[in-house]
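# below is the structure, and that's it, no one-letter string:
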């Protein structure tokens, strides 16, 4: 059976992106692999074995075109309001908390935040199918 291990996004500034993911989600650098034309930074935390791979292409100055195919990354948190407040106080600009009700009676509570390169991250309250 296949096991999901990481997702990769391209970022322009390593320090800025590492600081964002550390502040927003408690991710730390698990590994950093430097090559001639690019650097790979793997970030993770103790909540999951899944990693976020930040790819920095050396010499890239213009923003990446995220296009209309990219959706979002998602993380789950135990206390949605506390995380929203913490991110707002850190100046990360989280969007408003929303609730999506399903006909089964279950619901999803969430908000979105964007990283420095414009990638959207959905922050979901743990419950229902979002563990």
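Right, received. Where do you want to start? What you are looking at is a predicted structure, and each value in this text was computed from that prediction instead of being measured. Residues are numbered from 1 along each chain as shown.

# show me what the longest helix seen in the chain is packed up against.
Longest helix in the chain by number of residues (criterion: DSSP state H): helix 14-25. Where contact means 3 or more C-beta pairs under 8 Å, 6 or more residues apart in numbering; DSSP states H and E, helix 14-25 is packed against strand 38-45, strand 48-57. Just so you know, the C-beta spots here come from the backbone N, C-alpha and C atoms, and that holds for glycine as well.

# will you turn those into TSV that also has mean neighbour count and distance to residue 68?
Listed next are those as TSV, based on neighbours: other C-beta atoms under 10 Å; distance: least, C-beta to C-beta, whole Å:
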stretch	mean neighbour count	distance to residue 68
strand 38-45	18	25
strand 48-57	16	21
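
# could I get these in CSV, plus columns for distance to residue 117 and mean pLDDT?
Below are the helices and strands packed on helix 14-25 laid out as CSV (distance: least, C-beta to C-beta, whole Å; pLDDT from 0 to 100):
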stretch, distance to residue 117, mean pLDDT
strand 38-45, 13, 97
strand 48-57, 9, 95
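
# for residue 12, find the nearest of those.
Taking C-beta to C-beta, strand 48-57 is the member of these nearest to residue 12, at 7.2 Å.

# which helix or strand contains the residue lying closest to residue 96 once chain neighbours are set aside?
In space, and not counting its chain neighbours, residue 96 is closest to residue 111: 6.4 Å by C-beta to C-beta, 6 or more residues apart in numbering. In this structure, residue 111 sits in strand 107-114 according to DSSP states H and E.

# and the helix or strand following that strand with strand 48-57, angle?
The helix or strand immediately downstream of strand 107-114 is strand 120-125, counting by DSSP H and E. Angle of strand 120-125 versus strand 48-57, following axes from the mean of the first three to the mean of the last three C-alpha atoms, to 10 degrees, is 160 degrees.

# for the strand holding residue 111, what is the average pLDDT?
Summarised as a single mean, pLDDT over strand 107-114 is 96.

# buried ones in that strand?
By neighbour count with 16 or more other C-beta atoms under 10 Å, strand 107-114 contains the buried residues 108-113.
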